[in-house]
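Novice: Could you work out the structure for the sequence below:
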Amino acid sequence: MACMQTSSLLFPTSSTLSCSSRRTINAAIQLPKVPRLRFTNPKTATKLVLEGLQLSDGISNTYQIAQPKHQESSNSFHSTTTRTSTATIQLYAILEEVADRIEMHINVGEQRNNWNVLLLNSINMITLTASIMAGIAGTVGAGMPILALKLSSALLFTAASGMLLIMNKIQPSQLAEEQRNATRLFKKIQTQIQTLLALREPTEQDVKETMEKVLALDKAYPLPLLGAMLEKYPKKFEAAAWWPKSHGVQNPSETKSRMGKTNGWSEDLEDEMREIISVVKSKDFEDYERLGNLALKINKVLAISGPLLTGVAAIGSAFVGNNDVAAIAAVAAGSLSTAVNAFQHGGQVGMVFEMYRYCAGFFNKLENTIEATLGEQDLEKRENGELFEMKIALELGRSLPQLRELASKSASCRRNGTVIDEMGSKLF
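Specialist: Reported below is the predicted structural model:
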């Protein structure tokens, strides 16, 4: 009997197995009943199905806010278009052109610097070779060898004279410096545009002013050589001017009567700026104008001396063998021409002259900027006074206390009738 009970426990009956299996199957396939609904709106249908399936809140929220991709991109496009003003689009277009100008001036500057190096080495090698031939021809007796040496030397000296004339006319070192200055100034405009776009919404006036800056810089530093190249030997030294003319009218009598401090401006700050202008004009600008005139005179003398000496050497080499003086003249003139050419183009006198032009133009621009700012009678339309003072100090390589000390020293010297012994800028 015990065995039978044990067997029944170990081996349940078929009826028991069938019942349990039915319960197991029913429990396995039993699902919550979803009501049958007629969906007319896709968003409502999605929401009801998710509620019927009792999904988690995070998943249901994700599905509820989901929208078709084309609808989302269309909405974002329209919202971006409405938010972007015409002035912003125009300023971005100018920014693209400025970036292109920077690349062009970099490439042209490298090319013209290569011109200077290659032409300098080539002309010096030609001149030295011709001088050696003329010297050898003077020691050789009459016959065909001396004729060949004389002819070769004369041709080489003539070619060197022609190449020197072209090189002195275009001044490759000065051309390269022009492109370097243009690159730096275009990069400054690029930074100004990016700063403006980052700080506030641009206006039509911002677009107009930026266009004027770009066009003025194009005129100041042209890319082509023929027809637009800057005069390399002007009659008088003139500072570079790469900024548009200011239309502001200065009327200091009205600003002197105002008291208090508005938009960072005060009567003391305006007097300080006027003293800075006085120092820059009397010291910095005059000094660079004097150096620029000196560099211009030296460059003119060297530009005439080089081709003249090679021309004399060419004539002397043609008479080598007939007269000892001719051989001496040819060799000496050729050697001197090499030295002059090395000093002028190896020392890059044209580049130095252009550097002085830029520095004088920098001080002119600083003066015009201060005068135009002080000429604006509405203080709210001016740039913030404290920010303007900081910019002027940085452009002169000074701290704010040093700038104020310079202004007070200038005012003291002017009252005493003496000349200030300090330059305004510590950079140039």
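
Novice: which ones are touching the residue nearest the centre of the chain?
Specialist: Nearest residue to the geometric centre of the chain (CA atoms, centre = their mean): K187, 2.1 Å. Residues counted as contacts of K187 (CB atoms under 8 Å, 6 or more residues apart in numbering) are I102. Bear in mind the C-beta positions are built from the backbone N, C-alpha and C, glycine included.

Novice: How much space separates it from R357?
Specialist: 19 Å (CB to CB, to the nearest Å).

Novice: swap in E383?
Specialist: E383 is 27 Å from R357, by CB to CB.

Novice: now swap in M133 and tell me
Specialist: To R357, M133 is 41 Å away according to CB to CB.

Novice: still on that earlier bit, so for E383 and R357, which sits in the more crowded spot?
Specialist: Under the neighbour definition other CB atoms under 10 Å, E383 and R357 were set side by side, and R357 has more, 26 against 15.

Novice: ok, and that one, which helix or strand is that part of?
Specialist: If you go by DSSP states H and E, R357 is part of helix 349-375.

Novice: What helices and strands are in contact with that helix?
Specialist: When contacts are defined as 3 or more CB pairs under 8 Å, 6 or more residues apart in numbering; DSSP states H and E, helix 349-375 sits against helix 172-199, helix 267-279, helix 286-318, helix 385-395.

Novice: The first one: which residues count as buried?
Specialist: Using 16 or more other CB atoms under 10 Å as the test for burial, helix 172-199 gives 172-183, 185-187, 189-190, 193, 196.

Novice: next one: stretch 108-118
Specialist: For stretch 108-118, the neighbour count (16+ other CB under 10 Å) marks V108, G109, R112, N113, W115, N116 as buried.

Novice: Over to stretch 414-428?
Specialist: Neighbour count says stretch 414-428 has I420, G424, S425, F428 buried, by 16+ other CB under 10 Å.

Novice: Run through the residues that contact the last one.
Specialist: F428 is in contact with D284, Y288, C359, F362, counting by CB under 8 Å, 6+ apart.

Novice: what's the closest non-adjacent residue to the last one?
Specialist: Of all residues beyond its chain neighbours, the one nearest F362 is F428 (7.1 Å), with distances taken as CB to CB, 6 or more residues apart in numbering.

Novice: Return the per-residue confidence for the one you found.
Specialist: Per-residue confidence (pLDDT) for F428: 76.

Novice: do the same with E289
Specialist: Reading off the model, E289 has pLDDT 94.

Novice: what's the angle from the strand or helix carrying L403 to helix 267-279?
Specialist: For L403, the host element (DSSP H and E) is helix 400-416. Following axes from the mean of the first three to the mean of the last three CA atoms, to 10 degrees, one obtains 70 degrees for the angle between helix 400-416 and helix 267-279.
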